[in-house]
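Q: Need a 3D model of the sequence below.
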Amino acid sequence: MKNIIKKLGYPLLGLFFILAGCETQESIDITQPDPALEIIQPSISNINLNFNLPESTAFTIVWNDGLTDGSGGYMVELDVDPLFENPSVIGSSTTNTFSMSVAEFNDTVLDAGGQAFEPFPVFMRVSTGDVDSNIVNFSVSSYAQTVPMITSPDSTFSIVLVETTPNDVAITIDWDDPDFGENSSAVVNYEVQFAEGGTNFASPVTVATENSATTLSRTHEAFNEDALNSGLVAEEASAMDIRIKATIEMEGGNMERYSEATTITVTPYSIELAPILYVVGAGAVDAGWSWDTPIELPLQGNKYSGNINLTNDAFRFFTVNNDWGSGLNYPYYEALNYTIDSNFNNAMDGDSNFFFNGTPGEYFIELDTQAKTITLGPPVVGPNCNFDQLWLVGAGIVDAGWSWDTPVALPCVGTGTYAGNVEFTNDAFRFFTVNSDWGSGTNYPTYAGNGYTIDANFNDAMDGDNNFFFNGTPGTYYLTVDDVNKLITVGPEQSECEYDQLWLVGAGVVDAGWSWDTPVALPCVGPGVYSGDVEFTNDAFRFFTVNSDWASGLNYPHYQGEGYTIDGNFNDAMDGDNNFFFNGTPGTYTLTLDTGNFTISLN
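A: Below you'll find the model as predicted:
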């Protein structure tokens, strides 16, 4: 029996395995996924939108639809919430794919609440009818689309800039950049641009902010410079346009955005220095409170200066002759932080004039607009310049070369004027204010930048020091540097003077008398100008051209007949020789005989 069962068991066991195999196959068919609407790519993506490629494809999604035939079309939905409680439709498709450009997707992300250059998660799905697909997640870094917006000032803003409050804040510009959040990875460089109203920012003045700040303040002094450089006219109320430029530096090219312009009204003040300061007032003895004889202080570079006779009373500076409204009083200079000589104080009168409290007498007054000082010193004898002479050094100066062994001096020959004969060749040179001091050099751009008109025989050497270069015909020329009229000119060689000096002899000249033992020399100090200190008393004297030669004398009628204007302290002695007679207060004076301007004067 056992053998029978044994024999039957093997076939039955085989049948069991066959049946078991069939059951396993039926189980696999049963667990296949149900038909669905499914996004198959991408499942998740990080997207950095590039503003330089706005028409490029930002993303493409692809799906399978096992439930419908797609005849109703598909809607692509986006939400910031994976639960899709408030989705928005961002597009549609009649196929199983959908794409969006960089520019379109950037707008979509920003509209959904994204911040520029910050990773922002969004969720998407596809729907058709009442069927929704699975959800895919995108992390998107968008770029700024909205331009900055100025929040202050607005078009009602108006300001008159004031020179006496240079460090006070005149204006503060504030703006927002709405597309950016606190966690933005981008560095935005902001600049404020100023332009004359209506010029469409053709030539803007640009001021950068620091550390991506969205505010900028300008002082009266700084904003006045902005206004003038923008083309606004001093002392006139004018329209000024303001806008914000926002720049993000990127490898593919910088991203620049501009705000809408805001137009304000600005009245700048003039920063041009008047060519002459006039002194009027009882404290200035030779002027008084009248415009008949104001004291004139010409501008040389940045300095006004000249001799002035002062007494213990009040006076004021004026920038325009015969214009009381152009006055500059003591508080004006105080407000500009000038250091004022202790011989002056506020007169505390109705106009707060200057008051001279020192020892009455003649002084040399200097008002330095660069150093911001007003000083008094001993009166200057002879021509008045900032320096006794300028020095010329360089290969273009034949007698000098690039050495301090033989620099060529250009002496002061008149108020703010240096002149003399100089031999030039076609090479470079420079002006210096101090002998043997390379640091005192003044090159071509310095004079050009200060508004000098420079003779065409000179140009910028364009060497390392931007020296002057003489490009004319080599030779000797008469060179003039005029700091008052801002001119540098060359002309034909001139004789400095007909004589090295004139000689003064006569009882009216204290140190001479009627003798050739001790004649007083009046040296040539410039082209046709003889000048020097002479002690006079009330008596007669004469000019001579040759020492010890009575026949070389030149008397009062000689100069009168030549058309000279002769100082009122002299008259015709009406003696046998018609000598000069000194009729003024005995003392030492600076006597100047100018053969070019035909004047004989005392100071």
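
Q: Who does E423 form a beta bridge with?
A: With DSSP bridges as the criterion, E423 is bridged to T476.

Q: Let me see the ranges of the strands in the stretch 51-200 of the chain.
A: 57-65, 74-79, 88-93, 97-101, 119-128, 131-132, 136-141, 149-152, 158-160, 169-176, 188-196 (DSSP state E, counting those that start in this stretch).

Q: Need these in a markdown table (columns: distance to T425 and mean neighbour count).
A: Heads up, the C-betas are built off the backbone N, CA and C, glycines and all. Listed next are these as a markdown table, based on distance: least, C-beta to C-beta, whole Å; neighbours: other C-beta atoms under 10 Å:
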| stretch | distance to T425 | mean neighbour count |
| --- | --- | --- |
| strand 57-65 | 70 | 18 |
| strand 74-79 | 80 | 20 |
| strand 88-93 | 79 | 15 |
| strand 97-101 | 69 | 16 |
| strand 119-128 | 71 | 19 |
| strand 131-132 | 93 | 15 |
| strand 136-141 | 67 | 18 |
| strand 149-152 | 59 | 14 |
| strand 158-160 | 54 | 14 |
| strand 169-176 | 52 | 18 |
| strand 188-196 | 47 | 21 |
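
Q: Surely N224 and Y269 touch.
A: Yes. Counting by C-beta atoms under 8 Å, Y269 is a contact partner of N224 at 5.9 Å.

Q: These two: which is more packed in?
A: N224 (24 against 16; other C-beta atoms under 10 Å).

Q: Confirm the more buried one sits in a helix?
A: Yes. Per DSSP: H, G, I helix; E, B strand; the rest coil, N224 lies within a helix segment.

Q: Next up, the contacts around it.
A: The neighbours of N224, taking C-beta atoms under 8 Å, 6 or more residues apart in numbering as the test, are 161, 163, 170, 268-269, 271.

Q: that older thread, between N224 and Y269, what contacts are shared?
A: By C-beta under 8 Å, 6+ apart, the residues touching both N224 and Y269 are 161, 163.

Q: Return the distance of stretch 107-118 from the chain's centre.
A: 40 Å (C-alpha atoms, centre = their mean, to the nearest Å).

Q: pLDDT averaged over it - what is it?
A: In this model, stretch 107-118 carries a mean pLDDT of 88.

Q: cool, stretch 490-498 as well?
A: Mean per-residue pLDDT for stretch 490-498: 84.

Q: now do the same end-to-end measure for that stretch.
A: Stretch 490-498 has its terminal residues 21 Å apart, counting by C-alpha to C-alpha, to the nearest Å.

Q: same deal with stretch 111-128?
A: Criterion C-alpha to C-alpha; first-to-last residue distance in stretch 111-128 is 24 Å.

Q: How far does it sit from its chain's centre?
A: Relative to the centre of its chain, stretch 111-128 is centred 47 Å away, using C-alpha atoms, centre = their mean.

Q: same deal with stretch 159-174?
A: That offset, for stretch 159-174, works out to 17 Å (C-alpha atoms, centre = their mean).

Q: can you pull the contacts of the most centrally placed residue in the chain?
A: Nearest residue to the geometric centre of the chain (C-alpha atoms, centre = their mean): E225, 6.8 Å. Counting by C-beta under 8 Å, 6+ apart, E225 makes contact with I271.

Q: quick one: low-confidence parts of the stretch 451-600 of the chain?
A: 495 (pLDDT under 70).

Q: That concludes my questions; thank you for your assistance.
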